[in-house]
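Asks: Give me coordinates for this.
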Amino acid sequence: MSATETPTPSAPVLPPLYKALEALTPERHGKLKLHNAGYAFAAAINAVPLAAEEFTTAMRTMPIVFTAQAPHVPLGLCGLQAGHNHFVNADGTWHEGSYIPAYLRRFPFFLVRVSPESQQLVLCLDPQAPQVSATEGEDMFTADGKPSAMLDRSFTFTKAVEEAMLRTRVMAEGLAEMGLLKASVVQFQHKGQPMRVDGFFAVDRQALAALSPEQLATLRDRGWLEAVYAHLLSISGMSDLARDNG
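Replies: You can find the predicted model right below:
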């Protein structure tokens, strides 16, 4: 669908960081603009959903874990303290050189299904987001009510992120079915004291090593093996995140 189609979506459970979601229409949002407001909106979130395609880049910056609750969503850890994102600076900028998850780069847009049974997606935005302005930034719609070039780009990117998240969910379900995702604990020394991080799931190395050649080939052929190893390698970054957080 295009960004101009505006059927009413079913009321969603709001995803993390979103305070509201409205289907974009020129009648309701025709005079709104979008501007760069930095990442202060994410300063209090210490874990961000990741798509599998992001693992190999995100692993250099942040530990990647899976939620303990099904469907075991992969998360990039941005801090080890609740309410604190290590990567957001005091001025709202993102820490230079650190990976910015697509989930945050998509904000304040989101795709919502018209109904649980429908494949039709509607481009929505959070009207309360700091990026949304009546006076500052790029127009969302042209004078004749058509989506602006910026809005078309936003729709394309948001759709790509949604598709990647759906593929990632399939991967997480597949890993769980193979018995690879299990409760995990990381322990290390921090400022001379033992520190323990738990409450998450991770790929179990022993279970991975016990897979048959056929199962390993399945991981490889589905494109999941690289993501698994990136996830496992990223876990060592827990101690670095603790040190950087002070």
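
Asks: which strands and helices sit next to the helix ranked longest in the chain?
Replies: For the chain, the helix with the greatest residue count under DSSP state H is helix 149-177. Judged by 3 or more CB pairs under 8 Å, 6 or more residues apart in numbering; DSSP states H and E, the packing partners of helix 149-177 are helix 102-106, strand 109-113, strand 121-125. Quick note: C-beta positions are derived from backbone N, CA and C, even for glycine.

Asks: Tell me the strands beside the last one, with direction?
Replies: It refers to strand 121-125. strand 22-23 (antiparallel), strand 109-113 (antiparallel) (DSSP bridges).

Asks: Quick one: mean pLDDT for the following helix or strand past it?
Replies: For strand 121-125, the succeeding helix or strand toward the C-terminus, using DSSP states H and E, is strand 132-133. The pLDDT scores in strand 132-133 average 97.

Asks: partners of strand 132-133, with directions?
Replies: When pairs are called by DSSP bridges, strand 132-133 turns out to pair with strand 33-34 (antiparallel).

Asks: in terms of contact, does Pro15 touch Phe110 like I think?
Replies: Yes: assessed by CB atoms under 8 Å, Pro15 is found in contact with Phe110 at 6.6 Å.

Asks: the more surrounded of these two?
Replies: A direct count of neighbours by other CB atoms under 10 Å for Pro15 and Phe110 places Phe110 higher, at 23 against 13.

Asks: For the more buried one, give the beta-bridge partners.
Replies: Residues in beta-bridge contact with Phe110 (DSSP bridges): Cys124.

Asks: And it, what's its pLDDT?
Replies: So Phe110 comes in at 96 (pLDDT).

Asks: got it, and Gln120?
Replies: 82.

Asks: As a markdown table, the helices and strands packed on helix 149-177 with distance to Thr67 would be great.
Replies: As requested, the helices and strands packed on helix 149-177 are exported to a markdown table (distance: least, CB to CB, whole Å):
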| stretch | distance to Thr67 |
| --- | --- |
| helix 102-106 | 14 |
| strand 109-113 | 19 |
| strand 121-125 | 24 |
